[in-house]
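Engineer: Fold the following and give me the result.
(one chain, ligands or ions: 1)
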Amino acid sequence: MTKLTSELLRPVVPAAALDEAALLRYLVANVPGFPGPAPALSLTQFGHGQSNPTYCIHASAPGGGQPRRYVLRKKPPGAILQSAHAVEREYQVLKALGDHTDVPVPKVYCLCTDASVIGTPFYIMEYLEGIIYPDSALPGVTPSKRRAIYLSTAKTLAAIHKVDINAIGLQKYGRRDNYCKRQVERWERQYLASTGEGKPARYQRMLDLARWLKEHVPEEDSSPGPGTGLVHGDYRPDNLVFHPTEDRVIGVIDWELSTLGNQMCDVAYSCLPYIIDAAPSARTSYGGFQDTGIPDGIPQLEEYLSIYCSFAARPWPAANWKFYIAFSLFRGASIYAGVYHRWTMGNASGGERAKFAGRVANAMIDCAWDFINRVNVLQELPSKGSQVLGASWQEFHREEESSTSEKNQGKFVPSEKVMQLRKKLIKFIEDHIYPMEAEFYKHAQSTSRWTIHPEEENLKALAKKEGLWNLFIPLDSAARARKLLFEDHSQISLGSSNNLLLGAGLTNLEYGYLCEIMGRSVWAPQIFNCGAPDTGNMEVLLRYGTKEQQKQWLVPLLEGTIRSGFAMTEPQVASSDATNIECSISRQGDFYVINGRKWWTSGAMDPRCKILILMGKTDFSAPKHKQQSMILVDINTPGVQIKRPLLVFGFDDAPHGHAEITFENVRVPVTNILLGEGRGFEIAQGRLGPGRLHHCMRLVGAAERGMNLMVERALNRTAFGKRIAQHGSFLSDLAKCRIELEQARLLVLEAADQLDRHGNKKARGILAMAKVAAPNMALKVLDMAMQVHGAAGVSSDTVLSHLWATARTLRIADGPDEVHLGTIAKLELRRARL
Ligand SMILES: Cc1cc2nc3c(=O)[nH]c(=O)nc-3n(C[C@H](O)[C@H](O)[C@H](O)COP(=O)(O)OP(=O)(O)OC[C@H]3O[C@@H](n4cnc5c(N)ncnc54)[C@H](O)[C@@H]3O)c2cc1C
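Structural biologist: Coordinates of the predicted model:
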């Protein structure tokens, strides 16, 4: 169940009606930009939440036009507990955060402390249209989205906790020391005030719990040191507004309980869904995820915590976890007891649900005692393991990366420019691509599979805007195209808002550090316009295309408005030996006529595919390596027929696909020949060198993703009384995977470096080594990752099986292993003879 902010609005109940005329006068005078001079005003009320009544103001200017919306938040009417419902403090913290930090909060406009206007103080803030998830189990949300929502929740909490309170003027917002001690006393007092004679019944176990907490306050609570600072105080899903389409928090709301203090209380409170389902309802059972099972996609508690710890740079909280959870339950119980008390007096703002709040309060108290009596509440990790968890696996590697680059020495140390691009890429993939993977898969399995998911084009536009576009283009190829296309000052417009169509001026080695990142998701490369076979085809056009060919086909490929295919392989001949190719290209006047059958033309099923580079024979009687030519074929030329999509272990890789295609008397202009008749092999060498290496780079990235998923799984899954990560066999397999991965990565980087320094021909030995090593390594790592995932690993519920299937094809595609091994062996023997 998800709710748009607007869906939470209800008509204002008579008891909550405000003096609209007085309010309007105040708004016109005090809210900058409020529609004036005499706007029409209407009010609705937010139906969720149990604390300060919150209204939506709809204001339209007299002449009509789009009404503007604002949010008004006020103290509840009637007698209220001292220090509760302090809207003035909410306003103060929202203003400080909004003005000085990146913490997502609604903008505040004004604070009215004059109770004569509408009966109580209130403030006005921005209306955020977004999604609120009232149920922590996120029913009706896809698993990948659930995961993204939880990760964003953890990261946003970390962002709040990292705020420098001195820098934003909140140093006097509360005391940082002895927070828990003071809180236990405060909430005990509130509980006593909400229960007892003439009020709802008091539960003795709550008073016992208060005593236990006072006796177990952690040592760290007594000083204002690390781990203290801004505390939200009620950090849970329904106080977060998410972006309508992206899974990120756009507004943290309800700061009523915020103060300075011990931030681990916020963390534990945000973890309560794992312990208890505290939503007030008529239920009698309140088990959290750890009792009822974690909904698919929601990370394990340890992972959620590790993300928080890594982003907030906080140590693993196992030592005092029992206290913090028990405290959160205690505080929750006191809050609910207050809500229930207000309901019995008829002034709870949360409507009918408040009548169940008393029941939930008692369930929280019982749950706290059950938790206290448990032997193990959070995995005590050995110091090294907890370091990894505390920094999260990805962060751990990121830290390693940045410390390496800081030293700025050694052969494979990326430059600052590359590191910046790499960071940007990682962020882009984590923020925009991982969260869409499940959706892309769903689309690729639906009846619309051969169409493009609209979000793919949106993400391409975003990637281009961020300068993450065509990064694969090597310096020398870019230089040639730039010269050809622009030197004569012709009016060729690249038609793009940025000038990055010819890449970022990177060497193959530099691109290696980036291409690897793209390999982590099968959907990523094309979003950065760096997917095969387009990159190889663009490379051919960049290096060998005439000016006219570049204008017609290269420019739209660079723009990403069309896609392309490479048609070499034929079903009837062993195509690993390209001299076998039989497709004929015969000249007839101003045309070439093509006849033949191709298969495995990747990308040709894509509706955006407009151009094929076809390899065939122009002269069957020429010397063996001079018979072949490459020619451009518009896919819509009469005689080109797509016969069927081929499947790779059942994956058809829609919407790009791998096509079987027939060519029957296909006539293309002679100007479509590339470089000249008989020069196909020459081009193939130029195309396949970098292209092959890109596959290897991506395979390193795919393996790294496999490692990542494998480690996360092993840390979170228990078998035979231990985490999988604690079983000896796993540890040695994991270590071996890491060794193989690093070996392959170094080989790939070395090949890229040699390609840059010596060119294709001289680097062919090391290129062949990388081409054999990378897929075999990736297969081993991904296989191990699948093994650790058990049945889930071979299903389509994780990305592993698809990554594995793709890696397996690369022991064949772009030349089978045996051919590359032959190249390596020949060079070895030749060296021995010298
Ligand atoms: C997913 C995928 C995508 C592809 N995309 C494209 C594409 O876009 N365009 C395109 O043109 N092609 C593409 N291909 C085809 C691919 O390039 C060929 O499959 C590959 O070149 C091998 O050719 P073949 O299938 O005819 O195998 P064959 O040449 O028949 O070889 C079969 C086997 O024979 C053995 N063998 C071959 N040579 C030797 C040797 N010298 N020594 C010892 N053993 C040997 C190897 O075990 C080899 O696997 C793709 C293939 C796949 C699986």
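Engineer: how about the residues of the stretch 451-600 of the chain near the ligand?
Structural biologist: Within the stretch 451-600 of the chain, the residues that sit near the ligand (CB under 6 Å from any ligand atom) are P533, F566, A567, M568, T569, A574, S575, S576, W600. C-betas here are computed from N, CA, C, even on glycine.
Engineer: what does the chain give?
Structural biologist: So the chain meets the ligand at 533, 566-569, 574-576, 600-602, 648, 658, 809, 812-816, 818-819, 822 (CB under 6 Å from any ligand atom).
Engineer: repeat that with 5 Å
Structural biologist: Within reach of the ligand by CB under 5 Å from any ligand atom, the chain has these residues: 533, 566, 568-569, 574-576, 600, 602, 809, 812-813, 816, 818-819.
Engineer: give me the number of residues near the nearest residue to I673 once chain neighbours are set aside?
Structural biologist: Of all residues not flanking I673 in the chain, I631 sits nearest, at 5.2 Å (CB to CB, 6 or more residues apart in numbering). I631: 24 surrounding residues under other CB atoms under 10 Å.
Engineer: quick one: contacts for I631?
Structural biologist: I585, Y592, I594, I613, L614, G616, V668, N672, I673, L674 (CB atoms under 8 Å, 6 or more residues apart in numbering).
Engineer: Would you format those residues as TSV with pLDDT and secondary structure included?
Structural biologist: Listed next are the contacts of I631 as TSV, based on pLDDT from 0 to 100; DSSP: H, G, I helix; E, B strand; the rest coil:
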residue	pLDDT	secondary structure
I585	98	strand
Y592	98	strand
I594	98	strand
I613	98	strand
L614	98	strand
G616	98	strand
V668	98	strand
N672	98	helix
I673	98	strand
L674	97	coil
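Engineer: Now the buried members of these.
Structural biologist: The neighbour-count test (16 or more other CB atoms under 10 Å) applied to those identifies I585, Y592, I594, I613, L614, G616, V668, N672, I673, L674 as buried.
Engineer: I figured the first one hits Q627, correct?
Structural biologist: Meaning I585. No: at 10.1 Å, I585 does not count as touching Q627 under the criterion of CB atoms under 8 Å.
Engineer: Sort out for me which of the residues of the stretch 451-600 of the chain next to the ligand are in helices.
Structural biologist: Residues of those located in helices (DSSP state H): none.
Engineer: Now the two most distant members of these.
Structural biologist: Using CB to CB, the pair of these lying farthest apart is P533 and A574, separated by 20.6 Å.
Engineer: So if I had to pick from these two, which one is more boxed in?
Structural biologist: The residue with more neighbours, out of P533 and A574, is P533; 25 against 11, by other CB under 10 Å.
Engineer: For the closest residue to that one other than its chain neighbours, give the beta-bridge partners.
Structural biologist: Counting by CB to CB, 6+ apart, P533 lies nearest to F566, which is 4.4 Å off, once chain neighbours are set aside. F566 forms beta bridges with I613, as assigned by DSSP bridges.
Engineer: Check what pLDDT F566 gets.
Structural biologist: At F566, the model reports a pLDDT of 97.
Engineer: List the contacts of it.
Structural biologist: By CB under 8 Å, 6+ apart, the neighbours of F566 are P533, G536, N537, T601, S602, G603, L612, I613, M615, R687.
Engineer: Closest one to the ligand out of those residues, please.
Structural biologist: Nearest to the ligand among those: S602, at 3.4 Å, using CB to the nearest ligand atom.
Engineer: coming back round to it: now, the most widely separated pair of the residues of the chain next to the ligand?
Structural biologist: P533 and E818 (22.4 Å).
Engineer: tally of neighbours for I294?
Structural biologist: When neighbours are counted by other CB under 10 Å, I294 registers 17.
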